[in-house]
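> give me coordinates for this.
(chains A and B)
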Amino acid sequence: AQSVTQLGSHVSVSEGALVLLRCNYSSSVPPYLFWYVQYPNQGLQLLLKYTSAATLVKGINGFEAEFKKSETSFHLTKPSAHMSDAAEYFCAVSRNAGGTSYGKLTFGQGTILTVHP
Amino acid sequence: DSGVTQTPKHLITATGQRVTLRCSPRSGDLSVYWYQQSLDQGLQFLIQYYNGEERAKGNILERFSAQQFPDLHSELNLSSLELGDSALYFCASSPGQGGMVRSGANVLTFGAGSRLTVL
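Numbering: from 1, shown residues only, chains lettered A, B, ... in the order given. Prediction:
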């Protein structure tokens, strides 16, 4: 079974500071990994995805994440936080084709990012 | 606008009642997924349909059912509602049924959700 653990339900940073949101996964097969963002009263928007190509993945809005197999991690970073980054972020894992879970995602519990002026 | 349309946006009903949530997938997408987001359970996968057929089932209660119609829209039916069913219900769609597709990973596009309040 797959699972995702997001360390820290709340992260607070100052505007301009580094953003680091942590995600560790568990999967018995090579995973696909995703980061989604949810702004208040909105649906989930894809930030970036890892699909076994380059281990450093660049996404939208200046975010990137690095897949580290040895650490089973897929942490999300952004060099300089902006006020508009305040939202809830979800890490998710899905299984390769051939598994019975097809394209469904298993989500972490989410991390609320607060950005202070 | 993600291209995935969910109605209604908000719904308030009483315990014991039945409701239907509707989802129109993004144009060209054949798979529809339903997720439930609640404070205590987080985001939980309920069920997936691909081109009208059920493909995967998650933590969906027996009181809940879903279907995907020939025009690919999907409905999630929730019956004998309980207070604990209050949640945000998301629909998502994707091009394929899982794994990789020619455009890359089978990425899910989410709708804005339907917020259900059971009183």
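
> from A:Leu56, how far out is the nearest residue to A:Ala17 once chain neighbours are set aside?
Distances taken as C-beta to C-beta, 6 or more residues apart in numbering or on different chains put A:Ala81 closest to A:Ala17, at 5.4 Å, once the chain neighbours are dropped. Just so you know, the C-beta spots here come from the backbone N, C-alpha and C atoms, and that holds for glycine as well. Per C-beta to C-beta, to the nearest Å, A:Ala81 is found 20 Å from A:Leu56.

> more crowded one of these two?
Between A:Ala81 and A:Leu56, A:Ala81 has the larger neighbour count (other C-beta atoms under 10 Å in any protein chain shown), namely 22 against 9.

> tell me the secondary structure at the more buried one.
coil (DSSP: H, G, I helix; E, B strand; the rest coil).

> count of neighbours near A:Ile112?
For A:Ile112, using other C-beta under 10 Å, the count is 15.

> what's near enough to touch it?
Shown in contact with A:Ile112 (C-beta atoms under 8 Å, 6 or more residues apart in numbering or on different chains): A:9-11, A:87-89.

> just A:His75 next, same as before
A:20-23, A:65-66.

> that older thread, filter the contacts of A:Ile112 down to the buried ones.
By neighbour count, with 16 or more other C-beta atoms under 10 Å in any protein chain shown, the contacts of A:Ile112 hold A:11, A:87-89 as buried.

> identify the farthest-apart pair in the contacts of A:Ile112.
A:Ser9 and A:Ala87 (13.7 Å; C-beta to C-beta).

> can I get the contacts of A:Ile112 in JSON lines with secondary structure?
Formatted as JSON lines, those follow (three-state DSSP):
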{"residue": "A:Ser9", "secondary structure": "coil"}
{"residue": "A:His10", "secondary structure": "strand"}
{"residue": "A:Val11", "secondary structure": "strand"}
{"residue": "A:Ala87", "secondary structure": "strand"}
{"residue": "A:Glu88", "secondary structure": "strand"}
{"residue": "A:Tyr89", "secondary structure": "strand"}
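
> and of the residues you listed, the nearest to B:Arg63?
Nearest to B:Arg63 among these: A:Glu88, at 28.1 Å, using C-beta to C-beta.

> what's the closest non-adjacent residue to B:Leu30?
Closest to B:Leu30 by C-beta to C-beta, 6+ apart is B:Asn51, at 4.7 Å.

> could you report the neighbour count for the one you found?
13.

> ditto for the one 4 residues further on
A total of 20 residues lie near B:Arg55 under the criterion other C-beta under 10 Å.

> do you know how far the closest residue to it other than its chain neighbours is from A:Met83?
Nearest non-adjacent residue to B:Arg55, counting by C-beta to C-beta, 6+ apart: B:Gln48, 4.6 Å away. B:Gln48 sits 36 Å away from A:Met83, going by C-beta to C-beta.
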